[in-house]
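Participant: build me a model from this:
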Amino acid sequence: MKTDIESLEDIKLLVDTFYGRVQDDELIGPIFNEKLAGRWPEHLEKMYKFWETILLDEYTYQGRPFPPHAQLAVDSEHFETWKALFNATVDELYQGVKADEAKWRAERMAAMFLSKITYFREFKGKPLM
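Facilitator: Presented below is the predicted three-dimensional model:
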């Protein structure tokens, strides 16, 4: 029987499994692998802290998640792939309130990132005001 996401070890399993799939994906793998060449361990550590902060209320992540993504050449197809891989990984490993929250938050984050990337692309980074 699957359990819910309850600990940092659960977060690490989720992140490691998910990003292993990302690296192997034909569409988004090359983008991530190019951007993170030689820095995957550093990125994974950051993602452990990010998801630990969001799901377990352990405030270990400090930073702004969007800026590193602002200039990526991605569109809705890339985000759909990212969400599908993430949701499938969560569903394979976990079940429960935190697992559902992880998927909900990933959905919101993907929508926000896509919206911001589209805005910056169309308006060349001009501020709203």
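Participant: if I look at Val97, what pLDDT would I see?
Facilitator: Per-residue confidence (pLDDT) for Val97: 98.
Participant: what about the residue most central in space within the chain, which helix or strand?
Facilitator: Geometric centre of the chain, nearest residue: Ala106, 6.5 Å, by Cα atoms, centre = their mean. Assessed by DSSP states H and E, Ala106 sits inside helix 97-123.
Participant: then Leu27?
Facilitator: Using DSSP H and E, Leu27 is not contained in any helix or strand.
Participant: can you check Lys12 too?
Facilitator: Using DSSP H and E, Lys12 falls in helix 8-24.
Participant: re earlier: packing partners for the helix holding Ala106?
Facilitator: If you count contacts as 3 or more Cβ pairs under 8 Å, 6 or more residues apart in numbering; DSSP states H and E, helix 97-123 packs onto helix 40-56, helix 76-93. Quick note: C-beta positions are derived from backbone N, CA and C, even for glycine.
Participant: could I get the ones you listed as a markdown table with mean pLDDT?
Facilitator: As requested, the helices and strands packed on helix 97-123 are exported to a markdown table (pLDDT from 0 to 100):
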| stretch | mean pLDDT |
| --- | --- |
| helix 40-56 | 96 |
| helix 76-93 | 97 |
